[in-house]
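Undergrad: sequence and predicted structure, then a few things I'm wondering about:
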Protein chains: 2
Amino acid sequence: MPDKPSTAHRVSRLRALLRRSGAEAFLILDLKNIRYLTGFSGSDGALLVGAGKPVLLVDGRYTTQAAKEAPGARVVLYGDKATGIADALSAGGYGKAGFEPSVMTVDFLGALKRKAKKVRWMPLPAESGSIRAVKDSSEIAHIRKAIRIATGALQSTLAAIRPGVCELDVAVELEYAMRKKGAEGPSFDTIIASGPNSALPHARPGRRKIRAGDFLVVDYGAVSGGYHSDETCTFVIGRAGKRHEKLYALVKEAHDRALAAVRPGVLCRDVDAAARTVIDQAGYGPLFSHGTGHGLGLDVHEAPRLSALSEAVLEEGMVITIEPGIYLPGFGGIRVEDAILVTRAGAHVLTEFSKKLQVIG
Amino acid sequence: MPDKPSTAHRVSRLRALLRRSGAEAFLILDLKNIRYLTGFSGSDGALLVGAGKPVLLVDGRYTTQAAKEAPGARVVLYGDKATGIADALSAGGYGKAGFEPSVMTVDFLGALKRKAKKVRWMPLPAESGSIRAVKDSSEIAHIRKAIRIATGALQSTLAAIRPGVCELDVAVELEYAMRKKGAEGPSFDTIIASGPNSALPHARPGRRKIRAGDFLVVDYGAVSGGYHSDETCTFVIGRAGKRHEKLYALVKEAHDRALAAVRPGVLCRDVDAAARTVIDQAGYGPLFSHGTGHGLGLDVHEAPRLSALSEAVLEEGMVITIEPGIYLPGFGGIRVEDAILVTRAGAHVLTEFSKKLQVIG
């Protein structure tokens, strides 16, 4: 059973960072961070975390919703956002405030400096970018539900995938099936990439008709309770040849090796290396042109990153993707992606769709 | 017949601004601005406009697509984005560069300053925020197509709207119908708000079942060729009473007065005032809690804004929405929204759905 979202606990972890930072209050503008720390899910607002109850600033559209969704915060209405923030800083007696440097625009920081003349501004410490990386049980429950919706939708859409059907039609049907099953939306623009198009890791579904002998990459996800699922299944259409089988087995092996490397305390770049070594040794290294995975939560891509350069360390409770791939220009691509939970015992696979090679159509 | 998208003409207008600004080159990071100026529709990149051919910087995913979509630009590959921009500035010999202050983050400006130590940075002049406000004929053709898709989808969904059906199911069906008719997606999360929910201007569709006697606000749009439609129809379910008719007629009158005020050279705030005066004089002023409209194009909300504070002036070729509304807490809301083209003769309505009060269900 999921526990209740403990926004108080999340705020207290941010406060520990605040105490070490030298700032007196943190201004949070990233809406996903605001949702994480308060429960508020509106499309605009600001959160001030200092001493006492966090102050959630919203415009006139959101006062009712904010009061309902964010019982742990004091909701304050603003007309002009920068003025509202300046007033809240002044009311709290804060002289030194931290902000999210990857979210704060030059324009808005200028407006804040004009409105709050006495406040000194500093970027939040780098660790603040990872505050959402370890998930609690209520978050894992949301991700599981998103996965369940997505899996059911793919299963009900599979029958419609056959030679002659175009990629775009499959994408439209799959997204519709996810909505019908309760998704708030797709996690991202669904990738349905067939034949040579599957060799493009970020292909957009188009009018190409699926043909026998194609690899078909389906990279898709659903949003539920604000949380994202993300999974890639690679199918073969019609009949799998030796080349299909060999390439798929190689990517699946890389995927499985990365999975086996997952454990709390392991460097993310070592998980990446576990997958990459398999592909390198088979001579396909340059064709694995992206990282092995990423964190998954309120954003579809969030901390930690699993790449060759990542300094991040896995912790129990992180939810990440493992998604190696090989892309052969002109022929096709294979990507095998699961979402996994990092547990004390290693990787626990959350995704439900089998990653054995499936021939469909 | 639409002419071809004249990205060269658009770049030359930006260059005129560049000459007056004191900067030697403009760095464009807003992806909609990049699309407008080059045709490139990828999800990441940067554009440098100085002397000579504009330089479009993209990562490895997008070199092929950029070369195809942006023939007017020189495509340059980067590994690290800030490094790529610094190298392009250095190659062009630029010592003073402008940036979009509402898009540039504090983090990224810091990275640019570290990588391009000799470059002085300045915010782009305010007029740069309106470079896309006046549409050319190819843009108007895209907007018209988006409107045609949206209208057809609403017409085919109307039959499913009746007492007992929940808001969310209508939203899912309407968005599916738009996709089936060729939309790249909805312009924004479709608003289907019934009864008391229609009193919330930004309601999210939920499980409430539509009832006879409800106002039903349908605020929706489709994306086609990257361009957005945006329209609101307010229906009455079952049978319209005197109160429905009176309130609807008032909002429709405000809408028509604003439409009649549209003309090149007119201040946007005067168009807002034309609608607002009608609602004020009927005693409902405080219940019209938002601006009268906004520009429409590659973004669903762009320049100009039509509000009481707007300093913008209408120009021939602008595409804007006119959308007054009244919201009675606990009872319901009415909003009437058309997209219009500003012509020499005044407002030309682009939306196709009749704004006469319609009783459905």
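TA: Yep, that arrived.
Undergrad: can you give the domain ranges for chain A?
TA: A:7-130, A:137-360 (automatic domain parsing).
Undergrad: which of the ones you listed sits most buried?
TA: Most buried of the domains of chain A by mean neighbour count (mean count of other Cβ atoms under 10 Å in any protein chain shown) is domain A:137-360; its value is a mean of 20. Heads up, the C-betas are built off the backbone N, CA and C, glycines and all.
Undergrad: tell me the mean pLDDT over that one?
TA: Averaging pLDDT along domain A:137-360 gives 97.
Undergrad: now stretch A:13-23
TA: So the average pLDDT for stretch A:13-23 ends up being 94.
Undergrad: residues touching that stretch, excluding its own?
TA: A:24-26, A:37, A:49-50, A:96-98, A:122, A:124-125, A:127-128, A:131 (Cβ atoms under 8 Å, 6 or more residues apart in numbering or on different chains).
Undergrad: next, the contact list for A:Ala308, please.
TA: A:269, A:272-273, A:276, A:291.
Undergrad: recalculate using a threshold of 10 Å.
TA: Contacts for A:Ala308 (Cβ atoms under 10 Å, 6 or more residues apart in numbering or on different chains) come out as A:268-270, A:272-273, A:276, A:291-292.
Undergrad: next one: A:Asp280
TA: A:Asp280 neighbours (Cβ under 10 Å, 6+ apart): A:254, A:273, A:286, A:288.
Undergrad: switch the cut-off to 8 Å
TA: Contacts for A:Asp280 (Cβ under 8 Å, 6+ apart) come out as A:Phe288.
Undergrad: determine the three-state secondary structure at it.
TA: Under DSSP: H, G, I helix; E, B strand; the rest coil, the three-state class of A:Asp280 is helix.
Undergrad: quick check: it vs B:Gln155, distance?
TA: 56 Å (Cβ to Cβ, to the nearest Å).
Undergrad: how about the residues of chain A that lie near chain B?
TA: Counting by Cβ under 8 Å from any Cβ of the partner chain, the residues of chain A close to chain B are A:43, A:60-61, A:99, A:101-110, A:123, A:172, A:175-176, A:179-180, A:185, A:189, A:200-202, A:289.
Undergrad: 6 Å - rerun?
TA: Residues of chain A lying close to chain B by Cβ under 6 Å from any Cβ of the partner chain are A:61, A:101-102, A:104-107, A:172, A:176, A:179, A:202.
Undergrad: which two of the residues you listed have the greatest separation?
TA: Between any two of the residues of chain A next to chain B, the greatest separation by Cβ to Cβ is 40.6 Å, found for A:Val106 and A:Tyr176.
Undergrad: residues contacting the residue nearest the centre of chain A?
TA: Computing the C-alpha centroid of chain A and ranking residues by Cα atoms, centre = their mean puts A:Val300 first, at 2.0 Å. The contact partners of A:Val300, by Cβ atoms under 6 Å, 6 or more residues apart in numbering or on different chains, come to A:187-188, A:228, A:230.
Undergrad: measure the residue nearest to it when sequence neighbours are not counted to chain B for me?
TA: Nearest residue to A:Val300, sequence neighbours excluded (Cβ to Cβ, 6 or more residues apart in numbering or on different chains): A:His228, at 4.3 Å. Distance of A:His228 to chain B, computed by Cβ to the nearest Cβ, to the nearest Å: 16 Å.
Undergrad: got the contact list for A:His228?
TA: A:187, A:221, A:296, A:300 are the contacts of A:His228 under Cβ under 6 Å, 6+ apart.
Undergrad: could you redo the last one with a cut-off of 7 Å?
TA: For A:His228, the contacting residues are A:146, A:187, A:221, A:296-297, A:300, by Cβ atoms under 7 Å, 6 or more residues apart in numbering or on different chains.
Undergrad: can you list those in TSV and add distance to B:Lys81 and secondary structure?
TA: Shown next, in TSV, are these (distance: Cβ to Cβ, whole Å; DSSP: H, G, I helix; E, B strand; the rest coil):
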residue	distance to B:Lys81	secondary structure
A:Ala146	30	helix
A:Ser187	24	coil
A:Gly221	25	coil
A:Leu296	24	coil
A:Gly297	24	coil
A:Val300	20	coil
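Undergrad: sorry, back to before: tabulate the contacts of A:Ala308 (TSV), appending secondary structure.
TA: As requested, the contacts of A:Ala308 are exported to TSV (three-state DSSP):
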residue	secondary structure
A:Cys268	helix
A:Arg269	helix
A:Asp270	helix
A:Asp272	helix
A:Ala273	helix
A:Arg276	helix
A:Gly291	coil
A:Thr292	coil
